[in-house]
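Colleague: build the 3D model from these lines:
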Amino acid sequence: MRRGWVVALVAMAVAAGCGDGGGGSTAPAPSSPVPSAGAGHRLSVTSTAYVDGGTIPRLFTCDGENVSPPLAVAGVPGTTAGLAFLLQDLDAPRGTFTHWLVWDIDPHTTRLTSGRHPKGATEGRNDFGRTGYSGPCPPHGDRPHRYVLTVYATDHDPDLAPDATPADLLQALSGHTLATGSLTGRYGR
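Modeller: I've put the predicted structure just below:
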């Protein structure tokens, strides 16, 4: 009987694994950074392209122009030194798959135009092996995947190499996060 449970657990673990059909990260999803003392403030993250929980338009995916959507951030604490973005597919076949990581964004940035690199910011290498934004690209036939863009307000600019991983970014933000906010979109093919 015990062997049956082990086989069932292994089967569930394999079925829950992720990746976007391309060489994604097989590591478990990184945990959120530990907030700084006094944190708990929430940022507002919105897009004129889709509502939270809504469908991401094709334009911003691998099936369209593959450009970042327009974004707006509000509620940034006055003591923020910089912002960081992390866009991840939570439903990828082999684990959480990173589509975009960027840090050292000016804390006064309230809007980003579609397809624009945040001025003065550093973009890391995503799980497609590219620097910058790579849009949603789930395997054909999967149910729509959830893509979560998390924005972090930090009390310092992380000292990271351009090829930093999501785990590197989150470790650098640990204990330095003043506020967070997120925007979730869905996309299927």
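
Colleague: from here on, just use CA atoms for contacts and neighbour counts.
Modeller: Noted.

Colleague: where do the strands sit along this protein?
Modeller: Taking DSSP state E as the criterion, the chain carries its strands at 41-42, 44-46, 54-55, 71-74, 82-89, 97-105, 111-112, 122-123, 145-154, 177-187.

Colleague: pick the most buried one from those.
Modeller: Of all the strands of the chain, strand 97-105 has the most neighbours on average by mean count of other CA atoms under 10 Å, namely a mean of 26.

Colleague: then it to PDB, C-alphas only?
Modeller: C-alpha atoms of strand 97-105 as PDB (Å, rounded to 0.1, in the frame of the first residue of the first chain):
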ATOM      1  CA  PHE A  97       9.000  30.000 -15.900                       C
ATOM      2  CA  THR A  98      10.400  33.500 -15.900                       C
ATOM      3  CA  HIS A  99       9.500  35.800 -18.800                       C
ATOM      4  CA  TRP A 100      11.000  39.100 -17.500                       C
ATOM      5  CA  LEU A 101      13.100  40.300 -14.700                       C
ATOM      6  CA  VAL A 102      14.200  43.900 -14.400                       C
ATOM      7  CA  TRP A 103      15.600  46.000 -11.600                       C
ATOM      8  CA  ASP A 104      17.000  49.500 -10.800                       C
ATOM      9  CA  ILE A 105      13.900  51.100 -12.200                       C
END
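
Colleague: can you list the strands that that strand pairs with?
Modeller: With DSSP bridges as the test, strand 97-105 is paired with strand 82-89 (antiparallel), strand 122-123 (antiparallel).

Colleague: mind checking how far it is from the chain centre?
Modeller: Distance of strand 97-105 from its chain centroid, counting by CA atoms, centre = their mean, to the nearest Å, is 6 Å.

Colleague: kindly report the same for stretch 105-119.
Modeller: For stretch 105-119, the distance to the chain centre is 16 Å (CA atoms, centre = their mean).

Colleague: thinking again about what came up before, kindly reformat the strands of the chain as TSV containing mean pLDDT.
Modeller: Formatted as TSV, those follow (pLDDT from 0 to 100):
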stretch	mean pLDDT
strand 41-42	88
strand 44-46	98
strand 54-55	98
strand 71-74	98
strand 82-89	97
strand 97-105	97
strand 111-112	96
strand 122-123	94
strand 145-154	98
strand 177-187	97
